[in-house]
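here are the coordinates; sequence isn't available:
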């Protein structure tokens, strides 16, 4: 951030605090004012939650809000919207779509979810089969999506569908925003090892979506999907966090409280801390390359590294806790959460098992990095130019 940008950002933050004191203003009101002043996504254009600056300026804004006693919890409660949907709208949406959806997304008045994966199309997203057929100024959608996070509390969903089965699989897709309260949508819980149904499967039965909810042109769904996924990977693994914070801070705290004198555990903790710092600095360098626009493969670097690190850190934490780590405080109740919460070490251990799957598996991340960063030959794709309807499916 340049000195000029710092001064501009700090001046606007000071204005926000003067009009809406962080500690005494209701969060929804505060977030609305933050959006109106261009401090929501500072790299967005003015009028749509930004100031036309750089992505690198946002952490400073968030830090100042937190230091002043304000809340940035909206970014966690509506992670899929704020971290992913906003980037899609900014890159591919019309001004009317941005005007309609961005502000209530940032204030958490409207929660968002993402519906990509299907029972027969996980890592091979382009092989999806959910159909959307035109009917006047609407589209009629039928099919099933799976592993949809927080679908049961979402107002809007990002949806990729097949609109042209005659085209090769990557070129016959179209992207929509769908009202999750529309007739014909059935959301069913999928309970995971945490005891929560954070994920759901979603069934569409003759669901009607107005054409004005289409994102970009018909047939451009793959391009829009890539924008979503790149933003998702940055959200999972590309954020620059303060040194020694997050999961490694929790591990250090548990180790200190345990009073352990085991030199092997101490060495393991030191090695983990060093790995976290290396990953943190790598993410920081990658973010230097993504000051604005659509994130590139740098998000895959962080996503791959943090998926493995989160597993190792939470495993270490439970090892230090000993028998206490085998208990699940509060009991193993089947619930449907309304936000993300992995503050309990035992729950964090279970939840991080999904880090190497969600947002693209670690194997897919390695393919992306091999092909797009290192320039290695791509894997053979024998169905790339075949019409989707002619591609063999199980």
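Noted; the coordinates are in hand. All values derive from a computational prediction rather than experimental measurement.

residues touching the helix or strand where residue 86 lies, excluding its own?
If you go by DSSP states H and E, residue 86 is part of helix 86-92. Residues outside helix 86-92 that contact it (CB atoms under 8 Å, 6 or more residues apart in numbering): 41, 44-45, 48-49, 97-98, 101-102, 105-106, 158, 175, 215-216, 220, 223-224, 227-228, 230-231, 293-295. Yep, even glycine has a C-beta here, placed from its N, CA and C like the rest.

just the buried ones among these, please.
Neighbour-count burial (16 or more other CB atoms under 10 Å) applied to the contacts of helix 86-92 gives 41, 44, 48-49, 97-98, 101-102, 105-106, 158, 175, 215-216, 220, 223-224, 227-228, 230-231, 294-295.

just give me how far stretch 254-264 sits from the chain centre.
How far stretch 254-264 lies from its chain's middle: 34 Å, per CA atoms, centre = their mean, to the nearest Å.

list the residues that contact the most centrally placed residue in the chain.
Nearest to the mean C-alpha position of the chain, by CA atoms, centre = their mean, lies residue 232 at 3.8 Å. Contact analysis of residue 232 by CB under 8 Å, 6+ apart lists 80, 83, 84, 114, 299, 359, 360.

flag the least confident of the residues you listed.
Lowest pLDDT of these: residue 299, 69.

which helix runs longest in the chain?
Longest helix in the chain by number of residues (criterion: DSSP state H): helix 263-288.

right, and the helix or strand after it?
According to DSSP H and E, the helix or strand after helix 263-288 is helix 298-321.

quick one: distance of the helix holding residue 86 to the chain centre.
Distance of helix 86-92 from the chain centroid (CA atoms, centre = their mean) equals 14 Å.

check stretch 106-125 too.
Stretch 106-125 has its C-alpha centroid displaced from the chain centroid by 9 Å (CA atoms, centre = their mean).

repeat for stretch 337-352
Offset of stretch 337-352 from its chain centre (CA atoms, centre = their mean): 16 Å.

equivalent analysis for stretch 316-335, please.
Mean-position distance between stretch 316-335 and its chain equals 26 Å (CA atoms, centre = their mean).

coming back round to it: look up how far residue 73 lies from the residue nearest to the centre of the chain.
Remark: distance between residue 232 and residue 73 (CB to CB, to the nearest Å) = 19 Å.

one step back: for the longest helix of the chain, what is the average pLDDT?
Mean pLDDT, helix 263-288: 88.

list the helices and strands that helix packs on?
When contacts are defined as 3 or more CB pairs under 8 Å, 6 or more residues apart in numbering; DSSP states H and E, helix 263-288 packs onto helix 247-258, helix 298-321.

what's the angle between the last one and helix 247-258?
Translated: helix 298-321. Here the directions of helix 298-321 and helix 247-258 differ by 10 degrees (axes from the mean of the first three to the mean of the last three CA atoms, to 10 degrees).

count the residues that sit near residue 131.
Neighbours of residue 131 under the rule other CB atoms under 10 Å: 15.

likewise residue 137?
Per other CB under 10 Å, the neighbour tally for residue 137 reads 8.

SS state for the residue lying farthest from the centre of the chain?
Going by CA atoms, centre = their mean, the residue of the chain most distant from its centre is residue 261, 38.9 Å out. Under DSSP: H, G, I helix; E, B strand; the rest coil, residue 261 falls in the coil class.

now residue 378: how far from residue 121?
Plainly put, residue 378 is 19 Å away from residue 121 if you go by CB to CB.
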